[in-house]
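**Student:** Kindly generate the corresponding structure for this input.
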Amino acid sequence: CKTRGEKLVQVLSLNKINKQIKDKIILKDISFTLEKGEILGLLGPNGAGKTSMMKIISGLSRANSGKLDILGIDADKERAKIKSQLGFVMQDNNMEREFSVKEALLYYARLYKVKNYKYEVKRIISQFEMNTWQDRKIEKLSGGMARKAMIARALLVKPKILLLDEPSVGLDPDVRYDIWQEIKKLKNMGISVIITTHYMEEAEYLCDKIAILKQGRLLAIDEVEKIKQIMQKDENEDITLEKAFLRFIGKEAY
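**Tutor:** Numbering: from 1, shown residues only. Okay, here's the model as predicted:
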């Protein structure tokens, strides 16, 4: 949340984004904005459209209609201008498995023409505390190590917006917490983050705002506490984000 008097800087705007494949609606009239340094969590059951939305924002997919502005630029018309301003960390490890961590980062830095790339790779390895395993092959990394390396790789180009698809899925609780701390640091650096997650505690811990989707439609988007208040049945109810989410999608267990 912004303090009083602090100017809000909008870095992303979706206006009536629609995505359809044949007769199947993937996304329907999705509109929201993202501010500098804000962390937005996308919640929804499987098939809600979360990953499809991330792919449209990242440029891996195109909407059928609607307008997407990134850093004040029309993303459909001038995608090349914003390519280096976006980082996208997918759920699956897509790093070069035969490389070591350091080799993979150097390769990526050269590919994206990162200035002073050797220094930047050294800096990011130190920042993510990967020094002791920088020479380990990607294919030999644990799940937590791989996720750290992927986030570090995305940050090499110093993006203003980072997209994280299920950043801590399948990780042990202690490793998940370490990943959360890295994501918190991004906010302090002024980087805006969008995450998809099925972990309600992750969303509540990390996110400034929550967007709830179901069957391609945006049911609600607001601050975590306001999302809970909307679904609170009476003022004395101690409602959790999970319970509020289940009520929004009509799946609350009684």
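**Student:** who touches L164 in this structure?
**Tutor:** With contacts defined as Cβ atoms under 8 Å, 6 or more residues apart in numbering, L164 is in contact with 89, 151, 183, 193-196. Using the backbone N, CA and C atoms, a C-beta is placed for each residue, glycine as well.
**Student:** That one belongs to a helix, doesn't it?
**Tutor:** No: when DSSP: H, G, I helix; E, B strand; the rest coil is applied, L164 is found to be strand, with no helix at that position.
**Student:** What's the separation between it and M150?
**Tutor:** With the distance defined as Cβ to Cβ, to the nearest Å, L164 ends up 9 Å from M150.
**Student:** who touches both of these two?
**Tutor:** Taking Cβ under 8 Å, 6+ apart as the contact criterion, the residues that touch both L164 and M150 are V89.
**Student:** residue ranges of the strands in the stretch 101-250 of the chain, please?
**Tutor:** Secondary structure of the stretch 101-250 of the chain, counting by DSSP state E, counting those that start in this stretch: strands at 161-165, 192-196, 209-214, 217-223.
**Student:** for the chain, which spans come out with low pLDDT?
**Tutor:** Within the chain, the segments meeting pLDDT under 70 span 1-7, 252-254.
**Student:** what about Y112, neighbour count?
**Tutor:** Each residue near Y112 was counted by other Cβ atoms under 10 Å, and the total is 13.
**Student:** got a list of contacts for stretch 55-62?
**Tutor:** Stretch 55-62 is contacted by residues 12, 14, 17, 19, 27, 52, 63, 68, 70, 75-76, 79, 83, 86, 88, 161, 163, 194 when judged by Cβ under 8 Å, 6+ apart.
**Student:** Wasn't E98 part of a strand?
**Tutor:** No: when classified by three-state DSSP, E98 is found to be coil rather than part of a strand.
**Student:** Can you classify M95 as helix, strand or coil?
**Tutor:** At M95 the chain is in coil, as set by three-state DSSP.
**Student:** who are the neighbours in contact with it?
**Tutor:** When contacts are counted by Cβ under 8 Å, 6+ apart, M95 touches 104, 138, 146, 149-150, 153.
**Student:** M150 versus that one, what's the distance?
**Tutor:** Going from M95 to M150 by Cβ to Cβ gives 6 Å.
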